[in-house]
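Novice: Have a look at this prediction, sequence included:
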Amino acid sequence: MLKIGEFSKLSRVSIRMLRHYDEIGLLEPAEIEPFTGYRYYSEKQLPIAGRINALKDMGFGLSAIREILLCRDDGALLQQYLRIRRAELQELAEQTAYRLRLLDTALERLRKDGTAMKYDVTLKTFPERYAATVRMAIPTYEREGMVWDVLVGETEALNLVPDEPCYCCVVFHDKEYRESDVDVEAQKTVRGRYPDTEHVKFRTLPQVTAATATCRGPYDQMNDVMESVAGWVVDNGYEFDGPAFMIYHVSPHETSDPNEFVTEVCYPVKKKQAE
């Protein structure tokens, strides 16, 4: 029999941790002296301590290790535990590689342009949502209010109930910048079901994954924000997957102060396929 200190040295498990293992029933002493309370371990328990150390090195928690030790003679079940843990670690490795890539591209852009982090770009998935929509051609981008006037005017009598959250968006359908006849679509997410009007169509919008950046202030910064998002898409191995759109979180409808506007620029994207 080995005293707890001797077993600690041979097993490379601290005395504190051995006591904790005893408390949770993971590795109990082979014998406890009834009068002194001294813990004694058997040399036959060293392989068990070794397996606990090995499983901890693989990233298993103590509760999972206790379950695995109970089935240590069942090779098929043990293999299942190991495969599950491997899949978890593989997912973690992919997430870590993705985050490292984001850091590397951010650092590279900062070396080129010290203000590259002015607009923070993130990847976001918007779920399927039901919306009132109006698509029309407007003379110029600055006349965007025209499409909103149509949406609001034709739905005023319908008493639309805004969804939570309510996305008020404009989608830019043109594949290039246009000086006139700009193809835009206004969308407002709502609850319930409503009849179409002359120009307003109610429809379910599909789920979309987009690279987005949110900014506060007047609209004259939008070109800079869009450039930042587009650069992030290229630098991080994505490609564009649909028309860009803007979400107006705080717009002229809520405030007359341009400094209080909050706008989110969104580019639908998908992972670029390896060539």
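Specialist: Structure's in. What do you need?

Novice: part of a helix, is Met222?
Specialist: Yes. Looking at Met222 with DSSP: H, G, I helix; E, B strand; the rest coil, it is inside a helix.

Novice: need the contact list for it.
Specialist: Cys215, Met246, Thr263, Val265 (C-beta atoms under 8 Å, 6 or more residues apart in numbering). Where C-beta positions appear, they are placed from N, C-alpha and C, glycine not excepted.

Novice: mind running it again at 6 Å?
Specialist: Met222 makes no contacts at all, as judged by C-beta atoms under 6 Å, 6 or more residues apart in numbering.

Novice: so Glu185 touches Phe172, yeah?
Specialist: No. Here Glu185 does not reach Phe172: they are 8.3 Å apart, not a contact under C-beta atoms under 6 Å.

Novice: need the helices for the stretch 151-275 of the chain, in chain order.
Specialist: Under the criterion DSSP state H, counting those that start in this stretch, helices of the stretch 151-275 of the chain are mapped to 222-235.

Novice: now swap in the stretch 1-150 of the chain and tell me
Specialist: Under DSSP H, counting those that start in this stretch, the stretch 1-150 of the chain gives helices at 4-11, 15-23, 46-57, 62-70, 75-112, 145-155.

Novice: so which of these comes closest to Ser251?
Specialist: Nearest to Ser251 among these is helix 145-155; the distance by C-beta to C-beta comes to 8.9 Å.

Novice: Residues contacting the closest one, please?
Specialist: By C-beta under 6 Å, 6+ apart, helix 145-155 touches Ala132, Val134, Met136, Ile138, Val184, Ala186, Thr197, His199, Val200.

Novice: The last one: neighbour count?
Specialist: Yep, that's Val200 we're talking about. Using other C-beta atoms under 10 Å, the number of residues around Val200 comes to 22.

Novice: Hmm, Ala131 and it touching each other?
Specialist: No. Shown here, Val200 and Ala131 do not form a contact pair, counting by C-beta under 6 Å, at 10.0 Å.

Novice: For these two, list the residues in contact with both.
Specialist: Overlap of the contact sets of Val200 and Ala131 (by C-beta under 6 Å, 6+ apart) is empty.

Novice: Tyr40 pairs with what?
Specialist: Lys3, Glu31 (DSSP bridges).

Novice: In contact with it, which residues?
Specialist: Tyr40 touches Met1, Pro29, Ala30, Glu31, counting by C-beta under 6 Å, 6+ apart.
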